[in-house]
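Peer 1: I'd like to go over a predicted model; first the sequence, then the structure.
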Amino acid sequence: MKPGAADEAVFWGRHPLAWVGFAIVMLAIPIAGLAIETGTSFVDLLPTLNATLNALSAAFLVTGYRAIRAGKVEIHWRCMIAAAVTSAIFLAFYLTRFALTGTHRYPVPGITRTIYLIVLGTHTPLAATVPFLAGRTLYLAWRKDFARHRRIARWTFPIWMYVSVTGVIVYLMLYQLAPLL
């Protein structure tokens with residue numbers, strides 16, 4: 001066993017979903033406080049929650065990528081499961097928000113709108129592929145078909161990472177930047 005490996009195993013534990021749950025609870029507390037303080041409804045907070053889940057998924061992806069590059073297969077597996085669960089929770093909340101409020105158009109004309117539409121135009125079709133790519137990639141790892149897993153993971157990781165990061169950028173542009181312009 002490598003030095004520090006036991007400490008990492010204890011840190012990450014045996015249940016990656018516990019980390020996802022912990023992170024979500026730690027995020028939910030300030031979000032709930034914000035809702036109570038401002039009188040904002042849960043539906044109005046969904047975009048912020050979704051951006052946070054995207055950022056959390058990206059963090060799990062980067063941590064998992066770094067773990068596999070360091071040969072830490074168990075930590076990699078746990079991080080990828082955590083990223084998948086986080087992304088699935090995001091998708092459920094995103095579909096809920098979309099069903100309740102519909103699409104939201106970028107309200108400001110000009111260069112920021114053009115940039116927003118370019119980012120959104122690349123984000124949306126790639127986002128539609130992530131559940132299938134991630135599901136297949138995780139399935140192949142679960143089946144221990146590592147040769148095929150590695151081949152598809154070379155595509156899945158950058159696409160999933162791009163979608164997670166651009167999801168946060170879309171949120172920032174639509175809900176934080178646009179109101180300031």
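Peer 2: Structure's in. What do you need? Numbers count the residues shown, from 1 in each chain.
Peer 1: Going along the chain, name the helices of this structure.
Peer 2: Here the chain has its helices, by DSSP state H, at 5-12, 16-38, 42-69, 73-101, 111-142, 146-171.
Peer 1: Compare those and say which comes out lowest on pLDDT.
Peer 2: If you rank the helices of the chain by mean pLDDT, helix 5-12 sits at the bottom with a mean of 52.
Peer 1: before we move on, the earlier item: how about the helices of the chain in TSV, adding distance to A178?
Peer 2: C-beta: built from backbone N, CA, C; applies to glycine. Shown next, in TSV, are the helices of the chain (distance: least, C-beta to C-beta, whole Å):
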stretch	distance to A178
helix 5-12	39
helix 16-38	19
helix 42-69	12
helix 73-101	16
helix 111-142	7
helix 146-171	11
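Peer 1: between those helices, which one is nearest to L180?
Peer 2: L180 sits nearest to helix 111-142 of all the helices of the chain, at 10.0 Å, using C-beta to C-beta.
Peer 1: Now do the buried residues in the closest one.
Peer 2: Neighbour-count burial for helix 111-142, counted by 16 or more other C-beta atoms under 10 Å, picks out 113, 116, 119-120, 123, 126-127, 130, 133-134, 137-138, 140-141.
Peer 1: Same check on stretch 149-164?
Peer 2: Buried, per 16+ other C-beta under 10 Å, within stretch 149-164: H149, I152, A153, T156, F157, W160, M161, Y162, V163, S164.
Peer 1: Nice, that's everything, thank you.
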